[in-house]
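> just a sequence and a predicted model for now, questions to come.
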Amino acid sequence: MPPTNTNEFGLLLFGTARAWRTKLDQRLRPLGLSQGKWRTLIHVSQGGNKLTQKEIADRMGIEEPTLAGLLDRLQEDGWIKRRESPNDRRCKIVHLQRRSKAVLEEIFNTAHGLRHELIENVPPHDLDACIRVLTQIRKKADEPAGTVKNGRATIGRRNVASRN
């Protein structure tokens, strides 16, 4: 069997995720939500009203000042409220407002419908294989720098021989 061409894998993975997010964004735009806003609401909802602004920014993969602007707009629109952390007054905990429940339900329903539409013709065994492969890649990508595996230490983005 010839070797698999992995050169395009990262671009395909990134492009697929971007295209999927863009299509969902188009469907959610009539609700008055930009991609930044709906993604933020989803992350806040998954955090159970316990996440700090820094934790939300980390989960979203964006800088805190970028998130602060999104949170300002969401708060102005009445979707969220920021409150001082009971453990650290320097931190703000982001809480969903009551009116967010209906829009989150619409976001999740729209996302579910799109997901079904995009994968409906993918055979279940192919989807299972894809999920296994992506899970394996995600676990490896999430390993902290400096992790030693197979006698090699990860430093930054490079592998170097372990000095054990």
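Structure received. Residues are numbered from 1 along each chain as shown.

> I'd assumed residue 106 was in contact with residue 42.
No. Counting by CB atoms under 8 Å, residue 106 is not a contact partner of residue 42; they are 11.7 Å apart. The C-beta positions use only the backbone N, C-alpha and C, and glycine is treated the same way.

> need the helices for the protein, in chain order.
With helices called from DSSP state H, the chain shows them at 9-28, 35-46, 53-60, 64-76, 100-119, 124-142.

> out of those, deepest packed?
Stretch with highest mean neighbour count among the helices of the chain: helix 35-46 (a mean of 19; mean count of other CB atoms under 10 Å).

> show me what that helix is packed up against.
With contacts defined as 3 or more CB pairs under 8 Å, 6 or more residues apart in numbering; DSSP states H and E, helix 35-46 has these neighbours: helix 9-28, helix 53-60, helix 64-76, strand 92-96, helix 100-119.

> mind doing that once more with 10 Å?
Judged by 3 or more CB pairs under 10 Å, 6 or more residues apart in numbering; DSSP states H and E, helix 35-46 is in contact with helix 9-28, helix 53-60, helix 64-76, strand 80-84, strand 92-96, helix 100-119.

> could you dump the ones you listed to JSON lines with mean pLDDT?
Listed next are these as JSON lines, based on pLDDT from 0 to 100:
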{"stretch": "helix 9-28", "mean pLDDT": "93"}
{"stretch": "helix 53-60", "mean pLDDT": "92"}
{"stretch": "helix 64-76", "mean pLDDT": "93"}
{"stretch": "strand 80-84", "mean pLDDT": "92"}
{"stretch": "strand 92-96", "mean pLDDT": "92"}
{"stretch": "helix 100-119", "mean pLDDT": "95"}
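
> which of the ones you listed sits closest to residue 138?
Residue 138 sits nearest to helix 9-28 of all the helices and strands packed on helix 35-46, at 10.5 Å, using CB to CB.

> the closest one to helix 124-142, inter-axis angle?
Counting by axes from the mean of the first three to the mean of the last three CA atoms, to 10 degrees, helix 9-28 lies at 110 degrees to helix 124-142.

> appreciated, that's everything.
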